[in-house]
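Visitor: here's my sequence, what's the structure:
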Amino acid sequence: MTEREFEKAVKRIRNGDKDGLKEIYLAYGRFIYAVIYEILGNREDTEDVTSEFFIKLWDVAESYRSGNGHKGYLATIARNMAIDWIRKHRKEIPTAPPDLMQEETAKENVEDVVTDMAVQEALATLKDGERQIVNLKVLGGMTFREIAGVLQMPMGTVTWKYQNAINKLRRCGYE
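Guide: Alright, predicted model coming up:
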């Protein structure tokens, strides 16, 4: 979705048109999920916060100012919501009943599970900041400048951490 298309969708939201929100959801639902999952690390909680994100986007559409990069705007909201969720639920320890975990695993394709595990192991070699930058860059398609804005760090630091992360992933056999 281009900046112009995003602005049109936001304008539609401001006018009460739910199709504007649907367009943003279709274009960025996976991106928002990835940003939130990177912070929470739990699928169920991530789904909840992602759903809340789009409700919040409907409510805060008036605050969007064009020209500042819509992906960064979306990522910042998602990141802040995930951090707020952690603060609110800090003392709770999420655990799933064993039966539920077995049911979910049984539903997934075995090859997908093996591939996901290999990718997870490779990503586990990264530091949290590196993994977050890689996810924003690869899954989110964000520029280094946008990532620097979202994470509130110098662009040089973002590119340096990204290069370190890529080198670590290459050593694990991923490119």
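Visitor: buried residues in the host helix or strand of residue 56, which are they?
Guide: Using DSSP states H and E, residue 56 falls within helix 43-60. By neighbour count on 16 or more other Cβ atoms under 10 Å, the buried set for helix 43-60 is 45, 46, 49, 50, 53, 54, 57. For every residue, glycine as well, the C-beta is placed using N, CA and C.
Visitor: is it true that the first one touches residue 85?
Guide: Put plainly, it is residue 45. Yes - between residue 45 and residue 85 there is a contact under Cβ atoms under 8 Å: 6.7 Å.
Visitor: circling back: which elements pack onto the helix holding residue 56?
Guide: helix 18-40, helix 70-88 (3 or more Cβ pairs under 8 Å, 6 or more residues apart in numbering; DSSP states H and E).
Visitor: go again with 10 Å.
Guide: helix 3-14, helix 18-40, helix 70-88 (3 or more Cβ pairs under 10 Å, 6 or more residues apart in numbering; DSSP states H and E).
Visitor: dump those helices to JSON lines, plus mean neighbour count.
Guide: Compiled in JSON lines, the helices and strands packed on helix 43-60 are given as follows (neighbours: other Cβ atoms under 10 Å):
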{"stretch": "helix 3-14", "mean neighbour count": "17"}
{"stretch": "helix 18-40", "mean neighbour count": "19"}
{"stretch": "helix 70-88", "mean neighbour count": "18"}
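Visitor: determine which of those approaches residue 145 most closely.
Guide: helix 70-88 (8.5 Å; Cβ to Cβ).
Visitor: from residue 50, how far out is the spatially most central residue of the chain?
Guide: Central residue of the chain (Cα atoms, centre = their mean): residue 35, 1.5 Å from the mean position. Noted for residue 35: a distance of 9 Å to residue 50, by Cβ to Cβ, to the nearest Å.
Visitor: what touches both of these two?
Guide: 78, 81, 82 (Cβ atoms under 10 Å, 6 or more residues apart in numbering).
Visitor: contacts only, for the first one.
Guide: Spelled out, it's residue 78. For residue 78, the contact set (Cβ under 10 Å, 6+ apart) comprises 28, 31-39, 46, 49-50, 52-53, 56-57, 140, 150.
Visitor: follow-up on the earlier one: shared neighbours of residue 45 and residue 85, which are they?
Guide: 36, 39.
Visitor: rewinding a little: dump the residue contacts of the residue nearest to the centre of the chain.
Guide: Neighbouring residues of residue 35 by Cβ under 10 Å, 6+ apart: 28, 46, 49-50, 53, 71, 74-79, 81-82, 132, 135-136, 139-140, 142, 150.
Visitor: could you do residue 70 as well?
Guide: With Cβ under 10 Å, 6+ apart, residue 70 has these contacts: 1-7, 9-10, 24, 27-28, 64, 146.
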